[in-house]
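K.L.:
next comes the sequence, and after it the predicted model I'd like to discuss.
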Amino acid sequence: MIGNTDAVKLLNSKREEGVFVATMNANNTGFGLPSVSSNEALDFPISGAMSKASSVGLGLALAQPDRKIMVLDGDGSLLMNLGTLVTLSNKAPKNMYHFLFNNGVYAVTGGQPIPGAGQVDWEDMAKGAGYAAVFSFDNLEDLTTGIDAVLASEGPVFIHLAITPEVEETPVAFRPRPRRSVQTAFRELPEALANG
Amino acid sequence: MTTQETVLHPAAIIEELKKNNFTHVVWLPDSETNFMYQLLTNEPTLDLVPVCREGETMAIAAGLWVGGKKPVVLIQNTGIFESGDSIRGLGLDVNQPLVMLVGYRGWSRHGITNDSAARFIEHILHAWGISYYLIETDDDAGRITSALEEAERTSKPVAVLVGTEFGA
């Protein structure tokens, strides 16, 4: 299993001018992308409509074909929007990298298992939907070794990551709020894209 | 009695989209839009983005918009019901100036409709505070421009209800 923070830290180190469209645990204020990001201006947190990070990422990838778009998705989120695998494969943006943080639980609501936890074959689903390349990693060493090959592949690429669950126990009202809100990102991202 | 003048042709819609420099049509076809599909696939200035479920459309449009493009959504009123959280979270909450062309299934000027898709749609739009325009003939197509102007002026989604089947 891969630690959530270890995964986002590694991906962030490889981002260059890429945009991260991140949701759920991958976007957790304490141990997700916001805690390690080196270029917040190109971070696109999606918490406004659960499951739609990959859909927003698809739109962005079509609009910005010369820039890597890296979606950091959750398994519970993706289950809510499975059709996105086919929608995305059908448009086939070459600059799209769809990372699935698979921790098997609804971590932000107390750790209840997602339907089909441990039995859903995400790689087969992505292959069957038509992604151009599919990768899977269950330890940090292999991910560290393999990430360059992942990002050198032509998209759309699906990357399954087996992530150690980090369950939120603090009541929602008492959790730290993200410094960069969804509204802020929507307002500021166009200028950031124009500048770099 | 239906006359030639009362028909809505997809070409009139597409001309309006082109006039306003829309770049992408994010859509899921409904039963009345076959002729529209044929024309859209032949229109080089509009990129068609087909989806599996309507809630994807507002999210994809949000990504296109923030990336500098000008998308329009084309779905049926039944799809609006399915898309509630996307309209809330990635339309209204982020001030997306999105034009949504919505097939008005069940709409009739002649008596009471029994189709709940028609009976509920305007109430739902009212509840969200989303303005809407009705188009029924080619002469109404300019209301797409009015909807776009309102969407951009208010930074909110605006609906255009398509109240008739497309003619060939």
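P.N.:
Okay, I see it.
K.L.:
can you name the residues of chain A sitting close to chain B?
P.N.:
A:21, A:44, A:46, A:48-50, A:52, A:55-64, A:81, A:83-84, A:86-87, A:90-91, A:182-183, A:186, A:189-190, A:193-194 (CB under 8 Å from any CB of the partner chain). The way it works is simple: take the backbone N, C-alpha and C, and place the C-beta from them, glycine included.
K.L.:
please redo it, this time with the cut-off set to 6 Å
P.N.:
A:48-49, A:52, A:55-56, A:58-60, A:63-64, A:83, A:86-87, A:183, A:186, A:189-190 (CB under 6 Å from any CB of the partner chain).
K.L.:
ok, which stretches of the chain are strands?
P.N.:
Assuming you mean chain A. Secondary structure of chain A (DSSP state E): strands at A:19-22, A:43-45, A:69-74, A:96-102, A:105-106, A:112-113, A:133-137, A:157-162.
K.L.:
should've been chain B
P.N.:
Counting by DSSP E, chain B forms strands over residues B:24-27, B:47-50, B:71-76, B:99-103, B:132-135, B:158-162, given from the N-terminal end onward.
K.L.:
I'd like those strands written out as JSON lines, with mean neighbour count, mean pLDDT and distance to chain A added.
P.N.:
As requested, those are arranged in JSON lines below (neighbours: other CB atoms under 10 Å in any protein chain shown; pLDDT from 0 to 100; distance: least, CB to the nearest CB, whole Å):
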{"stretch": "strand B:24-27", "mean neighbour count": "25", "mean pLDDT": "97", "distance to chain A": "7"}
{"stretch": "strand B:47-50", "mean neighbour count": "18", "mean pLDDT": "97", "distance to chain A": "6"}
{"stretch": "strand B:71-76", "mean neighbour count": "28", "mean pLDDT": "96", "distance to chain A": "7"}
{"stretch": "strand B:99-103", "mean neighbour count": "26", "mean pLDDT": "96", "distance to chain A": "15"}
{"stretch": "strand B:132-135", "mean neighbour count": "19", "mean pLDDT": "96", "distance to chain A": "21"}
{"stretch": "strand B:158-162", "mean neighbour count": "25", "mean pLDDT": "96", "distance to chain A": "18"}
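K.L.:
who's in contact with A:Ala41?
P.N.:
A:Ala192 (CB atoms under 6 Å, 6 or more residues apart in numbering or on different chains).
K.L.:
relative to chain B, how far out is it?
P.N.:
The spacing between A:Ala41 and chain B, counted by CB to the nearest CB, to the nearest Å, is 13 Å.
K.L.:
before we move on, what about A:His98?
P.N.:
As for A:His98, its distance to chain B is 13 Å (criterion: CB to the nearest CB).
K.L.:
leaving out chain neighbours, which residue sits closest to A:Pro165?
P.N.:
On the basis of CB to CB, 6 or more residues apart in numbering or on different chains, the spatially nearest residue to A:Pro165 that is not a chain neighbour turns out to be A:Asn103, at 4.1 Å.
K.L.:
quick one: neighbours of that neighbour, just the number.
P.N.:
A:Asn103 is surrounded by 25 other residues when neighbours are defined as other CB atoms under 10 Å in any protein chain shown.
K.L.:
ok, A:Ser181 next?
P.N.:
Other residues close to A:Ser181 by other CB under 10 Å number 15.
K.L.:
hey, what's the closest residue to it other than its chain neighbours bridged with?
P.N.:
Closest residue in space to A:Ser181, ignoring its immediate chain neighbours: A:Pro45 at 7.4 Å, by CB to CB, 6+ apart. Using DSSP bridges, the beta-bridge partners of A:Pro45 come out as A:Ala22.
K.L.:
list the contacts of A:Pro45.
P.N.:
A:Ala22, A:Asn27, A:Val182, A:Ala185.
K.L.:
count of residues packed around the closest residue to the third one other than its chain neighbours?
P.N.:
Looking back up the chat, that one is A:Val182. Ranked by CB to CB, 6+ apart and with sequence neighbours excluded, the top spatial neighbour of A:Val182 is A:Gly48, at 4.7 Å. The criterion is other CB under 10 Å. On that basis, A:Gly48 has 24 neighbouring residues.
K.L.:
identify the residue nearest the geometric centre of chain B.
P.N.:
Against the mean C-alpha coordinate of chain B, by CA atoms, centre = their mean, the closest residue is B:Leu101 at 0.5 Å.
K.L.:
doesn't B:Leu74 make contact with that one?
P.N.:
Yes: B:Leu101 lies in contact with B:Leu74 (CB atoms under 6 Å); the separation is 4.5 Å.
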